[in-house]
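**Student:** Quick one: sequence and predicted model below, then my questions.
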Amino acid sequence: MPKTSSRASDSGISSTCGGAAADASTSNPGAPAPCCPLPGDPGPAVSLPGLRPRGGTSSGPARAPRIRSRIGVGAAGGFYPAPHRYELYLSQGCPRSLRLSVTLRLLGLQDSVATTVLGDPAATPGAFTALRRAYEATWHHYEGPLTAPTLCDRWSGRVVSNHTPDILRDLAGLPGGSDAAHVTTLRPAALAADIDALSRLLDRDVTPAASADVLCAALEPLDRRLAAHPYVLGRRLTAADVDLWAALTQAGPAGVLADTLALHPRLDAYARRLGGHPAFWGARCQLTPRSRHDG
């Protein structure tokens with residue numbers, strides 16, 4: 001896969017996000033992989049029956065190891081980018097899973113990359129068992145928790161990666177759809193630095209735990225940008241829009257987010273517009289937990 005440029009961009013997002021903390025998994029090689037809690041566990045990952053977390057303490061559960069193999073990277077290594085080879089395990093109500101689900105649809109990969117949504121463990125025991133076996137096939141005598149999102153290789157039964165930024169980048173190298181409804185790239189090299197800066201800002205400040213003041217401070221400059229362009233980084237849809245929309249759909253209590261968006265009408269209209277796009281709408285439907293009374 002071609003490497004993306006790391007040069008500074010002139011679009012202004014980098015300066016807007018200047019102060020955002022770096023992704024933990026990038027700044028700290030020993031940090032756990034970015035992941036979402038799986039159902040049934042208040043910590044960073046769920047422990048299934050029969051899995052004894054290694055390294056857990058009374059102050060918190062064990063964390064899964066970071067697994068960061070790549071698709072199509074390097075002449076002597078990496079996984080070959082073949083269609084129908086890979087499977088994504090996603091989690092309901094998870095912003096990172098939502099980003100991946102939207103990305104699959106925008107790139108036209110929903111038919112060539114299988115997806116399994118992990119919901120209630122009691123309702124989907126087979127999916128949890130399959131993911132556990134993939135971790136065990138990858139990590140000798142694995143006794144830790146499971147995480148999502150996780151990308152697995154169906155040919156070998158192993159985990160490729162549980163690091164969402166790597167998975168998002170590698171999906172772009174897989175053969176996808178070719179009709180006009182699909183985009184050719186969500187991460188143009190000229191905007192790579194701005195996309196990463198915005199992602200760090202969202203991960204830090206546009207979260208379910210963010211207060212109204214923090215949300216307003218983060219969203220104000222983005223609302224201003226939308227006065228000049230239809231998308232957050234200009235005139236074309238990019239990964240930054242996927243990240244921002246996923247963060248907005250998950251951020252804060254409903255009342256706090258609604259009140260915050262009411263103060264930013266351009267951002268509110270933008271979120272609603274993207275929400276009506278088939279890729280965004282389909283991903284949200286896929287990952288929204290269904291009640292027992294749903295059909």
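**Tutor:** Happy to help now that I have it.
**Student:** tell me the SS of the residue nearest the centre of the chain?
**Tutor:** The centre of the chain sits closest to residue 96, judged by C-alpha atoms, centre = their mean, with a distance of 2.4 Å. Under DSSP: H, G, I helix; E, B strand; the rest coil, residue 96 falls in the helix class.
**Student:** which one is it nearest to, not counting chain neighbours?
**Tutor:** residue 164 (4.5 Å; C-beta to C-beta, 6 or more residues apart in numbering). Where C-beta positions appear, they are placed from N, C-alpha and C, glycine not excepted.
**Student:** and the gap between the one you found and residue 236?
**Tutor:** 23 Å (C-beta to C-beta, to the nearest Å).
**Student:** Looking at those two, which has the bigger crowd around it?
**Tutor:** When neighbours are counted by other C-beta atoms under 10 Å, residue 164 comes out ahead of the other of residue 164 and residue 236, with 25 against 14.
**Student:** Quick one, grab the pLDDT at the more buried one.
**Tutor:** pLDDT recorded at residue 164 is 93.
**Student:** Give me the distance between it and residue 264.
**Tutor:** As defined by C-beta to C-beta, residue 164 lies at a distance of 26 Å from residue 264.
**Student:** so the residue nearest to residue 96 makes contact with residue 149?
**Tutor:** Yes - in terms of C-beta atoms under 8 Å, residue 164 counts as a neighbour of residue 149; the distance is 5.5 Å.
**Student:** quick one: low-confidence ranges for this structure?
**Tutor:** 1-62, 73-77, 176-181, 290-295 (pLDDT under 70).
**Student:** any idea where the helices of it begin and end?
**Tutor:** In the chain, the segments counted as helices under DSSP state H are 13-16, 24-27, 95-106, 125-138, 164-171, 192-205, 212-225, 239-250, 254-262, 265-275, 278-287.
**Student:** Nearest to residue 66, out of these?
**Tutor:** helix 24-27 (6.2 Å; C-beta to C-beta).
**Student:** Number of residues surrounding the nearest residue to residue 207 once chain neighbours are set aside?
**Tutor:** Once flanking residues are discounted, residue 207 sits nearest to residue 251: 6.0 Å by C-beta to C-beta, 6+ apart. Residues contacting residue 251 under the criterion other C-beta under 10 Å number 24.
**Student:** Now do the contacts for residue 251.
**Tutor:** Counting by C-beta atoms under 8 Å, 6 or more residues apart in numbering, residue 251 touches 206, 207, 208, 210, 215, 257.
**Student:** ok, so what distance separates it from residue 86?
**Tutor:** From residue 251 across to residue 86, the span is 29 Å (C-beta to C-beta).
**Student:** Same question for residue 148.
**Tutor:** Counting by C-beta to C-beta - residue 148 and residue 86 are separated by 15 Å.
**Student:** what about the two, which has more around it?
**Tutor:** When residue 148 and residue 86 are compared for neighbours, residue 148 comes out ahead with 28 against 24, by other C-beta under 10 Å.
**Student:** in the sheet, who's paired with that one?
**Tutor:** Beta-bridge partners recorded for residue 148 (DSSP bridges): residue 36.
**Student:** And it, how far from residue 287?
**Tutor:** In terms of C-beta to C-beta, residue 148 sits 10 Å off from residue 287.
**Student:** any common contacting residues for those two?
**Tutor:** Counting by C-beta under 8 Å, 6+ apart, the residues touching both residue 148 and residue 287 are 90, 91, 94, 97.
**Student:** could you flag which of those residues are buried?
**Tutor:** 90, 91, 94, 97 (16 or more other C-beta atoms under 10 Å).
**Student:** quick one on the thing from earlier: could you export the helices of the chain as JSON lines, including distance to residue 154?
**Tutor:** Formatted as JSON lines, the helices of the chain follow (distance: least, C-beta to C-beta, whole Å):
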{"stretch": "helix 13-16", "distance to residue 154": "37"}
{"stretch": "helix 24-27", "distance to residue 154": "25"}
{"stretch": "helix 95-106", "distance to residue 154": "15"}
{"stretch": "helix 125-138", "distance to residue 154": "9"}
{"stretch": "helix 164-171", "distance to residue 154": "15"}
{"stretch": "helix 192-205", "distance to residue 154": "28"}
{"stretch": "helix 212-225", "distance to residue 154": "38"}
{"stretch": "helix 239-250", "distance to residue 154": "25"}
{"stretch": "helix 254-262", "distance to residue 154": "37"}
{"stretch": "helix 265-275", "distance to residue 154": "31"}
{"stretch": "helix 278-287", "distance to residue 154": "19"}
